[in-house]
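Peer 1: missing the sequence, but the structure's below:
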């Protein structure tokens, strides 16, 4: 196919060549062509490092923005959950304290010792949670610890209420 086109142009060269370009045209054209290619390379070479630096800065900023937003929402959820469980524990403790002091006296001291152990364990879990990069397993252990504290308080409240009912039933029988 190429041979046919070349043959066609060779045969009809005179019909296509109506005028010759001015003298020195090819030389001027080559100079312009070389000048443009060297300027293009210079422009490209000066912008290339700047473009890399700008893209690197954008990537770092985008990553920092993404991770800071993700971390802050996770931290907010953690704080909200922790406050929720702490308020539940405090609520159950206040109920226990408000019960009859004569009945709760000897049980409350035992419960207080157990709660102190659970709360010191909770503080250790919170430290572990921060150190492990917010491991979900540690978070689950923290939630379980809060639940254990609440269950312990509710169990003691139930025992006290049962004891008071038995005591009042014994007084009625007499």
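Peer 2: All right, it came through fine. Everything numeric in this text was worked out from a predicted model, so none of it was measured.
Peer 1: which intervals of the chain have sub-threshold pLDDT?
Peer 2: Applying pLDDT under 70 to the chain flags residues 16-18, 36-50, 65-75, 99-108, 171-174.
Peer 1: Which parts of it are helices?
Peer 2: Along the chain, the segments classed as helices by DSSP state H run 2-11, 13-16, 25-98, 101-131, 136-173.
Peer 1: Turn those into TSV, including mean neighbour count.
Peer 2: (Each C-beta comes from the backbone N, C-alpha and C, glycine too.) Shown next, in TSV, are those (neighbours: other Cβ atoms under 10 Å):
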stretch	mean neighbour count
helix 2-11	9
helix 13-16	8
helix 25-98	11
helix 101-131	13
helix 136-173	14
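Peer 1: residues contacting residue 129?
Peer 2: Under the criterion of Cβ atoms under 8 Å, 6 or more residues apart in numbering, the neighbours of residue 129 are 78, 135, 138-139, 142.
Peer 1: ok, now with 6 Å
Peer 2: Residue 129 sits next to residue 138 when contact means Cβ atoms under 6 Å, 6 or more residues apart in numbering.
Peer 1: next one: phi and psi at residue 132?
Peer 2: Main-chain torsions, residue 132, degrees, to the nearest 10: phi -90, psi 10.
Peer 1: Grab the nearest non-local neighbour of it.
Peer 2: residue 138 (5.7 Å; Cβ to Cβ, 6 or more residues apart in numbering).
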